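A.B. asks: Have a look; sequence and predicted model below, questions after that.
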Amino acid sequence: MRVRAEAIGVGSMDELRQKTPTELKTDLKTLRGLGVDMKFQRVYGQLEDSTKPRLNRQNIARVLTVVREKQIQQFLLTDEEVAKQLEAGVTLSAGKNDPPSRIGRDDLAGSDARSATLAMRLWARMRKNPDFFRRTQNIAKV
């Protein structure tokens, strides 16, 4: 997916996923600061492009999504119950062009779109278990 985020130097979601959590937090701070600046520009009639605030909010949402994906991915890689499930054999697909296959820790550990998708699908599947859901409520929010 193409991303218009010149302020943080990102052209696609894959580039955004390659960043470290520290870089993502810095980018989030930059985008939020731009949002405040744009509000002032709009009030004083200096905002030339009225679509910039909307694009900025979308970029903030994209960064928050990637941060959350990384938090969930880290949790899944360190959780004992997930390790047991992966050893027993979990079959997932990352999309319609990706055939369902048995996944392991290596499939979840990458920083690409497939790893993020597999992690989120495994997360969704395991959250249906009430015990697992209760334990995962302690994952830090952004």
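C.D. replies: That came through, no problem.

A.B. asks: State the pLDDT value of Thr117.
C.D. replies: Here, the pLDDT recorded for Thr117 equals 92.

A.B. asks: Does it fall in a helix, a strand, or a coil region?
C.D. replies: Per DSSP: H, G, I helix; E, B strand; the rest coil, the local secondary structure of Thr117 is helix.

A.B. asks: same check, this time on Asp14
C.D. replies: Per three-state DSSP, Asp14 ends up helix.

A.B. asks: How about residues contacting the helix or strand containing Arg32?
C.D. replies: For Arg32, the enclosing helix or strand under DSSP states H and E is helix 21-43. Outside of helix 21-43, the residues within contact range by Cβ atoms under 8 Å, 6 or more residues apart in numbering are 5, 7-8, 10, 16, 19, 47, 50, 52-53, 56-57, 59-60, 63-64, 66-67, 70, 142. (C-beta placed from N, C-alpha, C; glycine too.)

A.B. asks: need the longest helix for this structure.
C.D. replies: For the chain, the longest helix by residue count, based on DSSP state H, is helix 52-78.

A.B. asks: tell me how far it is from the chain's mean position?
C.D. replies: Computed by Cα atoms, centre = their mean, to the nearest Å, the chain-centroid distance of helix 52-78 equals 4 Å.
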